[in-house]
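1. Give me coordinates for this.
(2 chains)
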Amino acid sequence: EAAVTQSPRNKVTVTGGNVTLSCRQTNSHNYMYWYRQDTGHGLRLIHYSYGAGNLQIGDVPDGYKATRTTQEDFFLLLELASPSQTSLYFCASSVGFSNERLFFGHGTKLSVL
Amino acid sequence: AQSVTQPDARVTVSEGASLQLRCKYSYFGTPYLFWYVQYPRQGLQLLLKYYPGDPVVQGVNGFEAEFSKSNSSFHLRKASVHWSDWAVYFCAVSIGNTGYQNFYFGKGTSLTVIP
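-> Residues are numbered from 1 along each chain as shown, chains lettered A, B, ... in the order given. Got it, this is the predicted structure:
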């Protein structure tokens, strides 16, 4: 079973603060994704990447940056956090073919006060 | 444009009763469809996935889903619900070609199981 590990599990910051969410996958998957989950919206794609150094914009990218430093590591950056970014964030990875599944991390609960 | 609709935000069933969670998709190509489950304070886990072929797909823990191209649907079913099935269920469609893949999720259906 592919492993996707997110850190931290919980994070509290203040408006205007800097936050970095980390994700590591150990199966050398090509694709990695950042989603946010909010009640009434389900999962919404923020950014994704298909390899080290690559970044693709998702459906709700405003206010977020991301960086894929290695095949294994994908980071989500909130440089000026706002209360609207309070959410549950999930990282996921996949092989990259349309018939292949996503593997999810356990999530990071972020609160912006 | 591709999309996934789960028309029921919340479903409540009695333990032992049968269950159907609805999913409708919009996609012009060959759909690869998935059901994921999210237990409290956990990430999403795969229940089952559909590849073009047999329209009924078996998953884990007694779940199955039926694909209908004519109805653009992929409904999830279980014959007898257990209290441990209390969770949020997401339907998703995966699209892409070689070197590209993206997923579209429904908003989820929250299942409550009452004794």
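2. use CA for all of it now, contacts and neighbours both
-> Fine.
3. Residue nearest the middle of the chain, spatially speaking?
-> Let's take chain A. Compute the mean C-alpha point of chain A, and by C-alpha atoms, centre = their mean the closest residue is A:Trp34, 2.7 Å away.
4. look at chain B instead
-> Centroid check for chain B by C-alpha atoms, centre = their mean gives B:Trp35 as the closest residue, at 3.3 Å.
5. just for chain B, where's the confidence low?
-> By pLDDT under 70, the low-scoring segments of chain B are B:1, B:96-101.
6. If you drop the residues flanking it in sequence, what lies closest to the residue in it that chain A sits nearest to?
-> Nearest residue of chain B to chain A (C-alpha to the nearest C-alpha) works out as B:Lys107 at 3.8 Å. Nearest residue to B:Lys107, sequence neighbours excluded (C-alpha to C-alpha, 6 or more residues apart in numbering or on different chains): A:Gly42, at 3.8 Å.
7. close enough to count as contact, the one you found and B:Gly106?
-> Yes: the pair A:Gly42 / B:Gly106 is scored as a contact, 6.3 Å apart, by C-alpha atoms under 8 Å.
8. the more surrounded of those two?
-> Taking other C-alpha atoms under 10 Å in any protein chain shown, A:Gly42 and B:Gly106 do not tie; B:Gly106 has more neighbours (24 against 15).
9. those helices in chain B, which residues are they?
-> Remark: helices of chain B are absent; assignment by DSSP state H.
10. So what pairs up with the residue nearest to the centre of chain B in the strands?
-> Beta-bridge partners for B:Trp35, by DSSP bridges, are B:Leu48, B:Cys91.
11. A:Val19 too?
-> Where A:Val19 sits in a bridge, its partners, by DSSP bridges, are A:Leu78.
12. count of residues packed around it?
-> A:Val19: 18 surrounding residues under other C-alpha under 10 Å.
13. Check whether it really touches A:Phe75, as I assumed.
-> No: under the criterion of C-alpha under 8 Å, A:Val19 is not in contact with A:Phe75, lying 10.2 Å apart.
14. pretty sure A:Leu78 contacts A:Val19?
-> Yes: if you go by C-alpha under 8 Å, A:Leu78 and A:Val19 touch, sitting 5.0 Å apart.
15. Quickly list what's touching both of those two.
-> Common neighbours of A:Leu78 and A:Val19, using C-alpha atoms under 8 Å, 6 or more residues apart in numbering or on different chains, do not exist here.
16. Could you report the neighbour count for residue 108?
-> All of this refers to chain A. A:Thr108: 23 neighbours (other C-alpha under 10 Å).
17. nope, chain B
-> B:Gly108 has 30 nearby residues by other C-alpha under 10 Å.
18. Okay, strands next: where are they in chain A?
-> For chain A, the strands defined by DSSP state E cover A:4-7, A:10-13, A:19-25, A:31-38, A:42-49, A:56-57, A:65-68, A:73-78, A:87-94, A:103-104, A:108-112.
19. For the fifth one, which helices and strands make contact with it?
-> Under the contact criterion of 3 or more C-alpha pairs under 8 Å, 6 or more residues apart in numbering or on different chains; DSSP states H and E, strand A:42-49 touches strand A:31-38, strand A:56-57, strand A:65-68, strand B:102-105.
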